[in-house]
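K.L.:
using only what follows, build the 3D model:
(one chain, ligands or ions: 2)
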Amino acid sequence: MRKCKIGIVGFGTVGSGIYKILSSEVDSHPILKEIEIAKIAVKDLNKKRDIELDNNLLTDDPFKLINDPSIDVIVEVMGGVDLAKDIILQSLKLGKSVVTANKAVIARYGEEIYKTASKERVYILSEAAVCGGIPIIEPLKRSLKSNCIKRMVGIINGTTNFILSKMTNEKADYKETLKLAQSLGYAEFDPTADVEGHDAADKISILSELAFGGKIKREEIHFEGISKINLKDIEYANKLGFEIKLLALSERGQINSNDSLALNIWVGPSLIPKSHPLSTVKGVNNALLIEADPLGEIMLYGPGAGSGPTAASVVSDILNLHAAKEKNNNSVDPLLSFDFWRNCHITSSSQINKKNYLRIICLDSPGVIGKIGDIFGKNNVSIESIVQLDASEDKAEIVVITHEVNNGDFERSKDEINSLNEVKIIASQLSCI
Ligand SMILES: NC(=O)C1=CN([C@@H]2O[C@H](COP(=O)(O)OP(=O)(O)OC[C@H]3O[C@@H](n4cnc5c(N)ncnc54)[C@H](OP(=O)(O)O)[C@@H]3O)[C@@H](O)[C@H]2O)C=CC1
Ligand SMILES: N[C@@H](CC=O)C(=O)O
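P.N.:
Ligands and ions are numbered 1, 2, ... in the order given. Below is the predicted model:
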């Protein structure tokens, strides 16, 4: 087999992990030896690095790699949006296949990128972009292709799962734990992307496009992060038999008269019964439950972030590309490439049905639980349980868990509860599964 020369843009957590795999002597498939790193682009040539690199290998100009005719594949592990998008598109237009771990770019510009790759008869592979080390993109494109996907629900951000696990198990401080996640290389360059839910929304958008076949308008995905979750919420959830996790969900709805498939997609902190398999997913691990017909239910589980696992996904993509190019010469493998085959639209938030948890801080008035119950009843919000968990001299904390109810009805009830004299504040709202 001919050598495959790659140019790597970025030598941080993921880029250095790729280098380690490709320079390791462990017993692995012989095709790995066919991959040769031709050049690496970084931002700061003078930065002190853990791995000593031949200076001739480094450049601070990513376009040198793209314009080098001897380089076959560009590996974009730099992050960011605008420059990364340019690097990916330019590379494809110059006939180079691209491997990327960049969910922010694929979620926003996937359509243009997939189309450019198809036009130029090259590939764009992005296994590492969703759930780090867990194979999920290629299974959706290939191994699961014969199924009709019904629903995907899971934990798809490692940083937030790491933080929530530590808050649950060790009562760890939110800010300190976020710093730890950053130092371990789990978090995004701007960790707001993790803790406010942007990253999980990018990932569920990508998964939905692959699973359901239509372009998703990323800006229409309703998402919330974990920055408002505190130890009190975690303690109450625990008392009631739940774990709190940042969940992402994407579910098939009806096909409308314009032949467009409705999808219910959201990201938000959620209560998960301790008996549910997703509640056992701890630390930086991710897991995705996929319900499909005729397959049934499967759960994909493993490390969702970090240098080694993410780099392993990137390197497997490089191997797949190399093998496909060798095998097919100039023809493109239709399952390794991707294109949309239908229209999809996202159901508006007020139309979806959800189970909810609400923590309400109120004056310790004897009739308040009854009043809250009446408001929910009047708005057709059926309650599974309503309990007073904590009462001091001047306030009580009430937790309400609803059955699956219409979001619009629930939001209306919340407004009415907030306007009760006895209610001081609605402290938090979470979804439940
Ligand atoms: N970390 C993880 O666990 C995962 C990350 N990803 C994705 O992988 C990508 C990379 O993440 P990660 O490795 O953590 O990021 P890092 O911040 O650790 O590394 C980024 C690298 O890109 C280089 N870089 C930044 N700007 C430029 C530029 N203008 N020109 C050339 N090089 C540049 C930096 O150079 P320098 O070293 O000089 O600063 C650095 O080497 C992101 O898209 C991220 O979302 C996906 C899954 C998991
Ligand atoms: N910041 C991301 C990295 C992997 O995608 C995460 O924490 O999941």
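K.L.:
number of residues surrounding the residue of the stretch 201-350 of the chain found nearest ligand 1?
P.N.:
Nearest residue of the stretch 201-350 of the chain to ligand 1 (CB to the nearest ligand atom) works out as residue 305 at 3.4 Å. Every residue, glycine included, has its C-beta placed from N, CA and C. A total of 28 residues lie near residue 305 under the criterion other CB atoms under 10 Å.
K.L.:
who touches it in this structure?
P.N.:
132, 157-159, 185-187, 284, 286 (CB atoms under 8 Å, 6 or more residues apart in numbering).
K.L.:
and what of residue 40?
P.N.:
Taking CB under 8 Å, 6+ apart, one finds 7-9, 11, 15, 19, 53, 57-59 in contact with residue 40.
K.L.:
what's the pLDDT at it?
P.N.:
On pLDDT, residue 40 comes in at 98.
K.L.:
go on, residue 329?
P.N.:
pLDDT, read off for residue 329, is 65.
K.L.:
for residue 386, which non-adjacent residue is closest in space?
P.N.:
residue 400 (4.8 Å; CB to CB, 6 or more residues apart in numbering).
K.L.:
now do the same for the one you found: helix, strand or coil?
P.N.:
strand (DSSP: H, G, I helix; E, B strand; the rest coil).
K.L.:
ok, it to residue 352 distance?
P.N.:
19 Å (CB to CB, to the nearest Å).
K.L.:
what's the longest helix in this structure?
P.N.:
Ranked by residue count under DSSP state H, the longest helix found in the chain is helix 307-328.
K.L.:
so after it, what's the next helix or strand?
P.N.:
Toward the C-terminal end, the helix or strand that comes next after helix 307-328 (DSSP states H and E) is strand 343-346.
K.L.:
what residues does the stretch 251-400 of the chain have near ligand 2?
P.N.:
Neighbours of ligand 2 within the stretch 251-400 of the chain, by CB under 6 Å from any ligand atom: 304-305.
K.L.:
for the stretch 251-400 of the chain, give the residue positioned nearest to ligand 2.
P.N.:
residue 305 (3.7 Å).
K.L.:
can you narrow the contacts of residue 40 to ones near ligand 1?
P.N.:
Checking the contacts of residue 40 against ligand 1 (CB under 6 Å from any ligand atom), the matches are 9, 11, 15.
K.L.:
now, these that are in helices?
P.N.:
Those of the ones next to ligand 1 among the contacts of residue 40 lying in helices (DSSP H): residue 15.
K.L.:
any low-confidence regions in the stretch 201-350 of the chain?
P.N.:
Scanning the stretch 201-350 of the chain for pLDDT under 70 picks out 328-329.
K.L.:
can you tell me the SS state at residue 288?
P.N.:
Going by three-state DSSP: residue 288 is strand.
K.L.:
quick one: contacts for it?
P.N.:
131, 134, 136, 152-156, 207, 299-300.
K.L.:
quick one: buried ones out of those?
P.N.:
By neighbour count, with 16 or more other CB atoms under 10 Å, these hold 131, 134, 136, 152-156, 207, 300 as buried.
K.L.:
closest to ligand 1 among the residues you listed?
P.N.:
Using CB to the nearest ligand atom, the buried ones among the contacts of residue 288 come closest to ligand 1 at residue 131, 8.2 Å.
K.L.:
the closest one in helix, strand or coil?
P.N.:
Secondary structure, three-state DSSP: residue 131 is coil.
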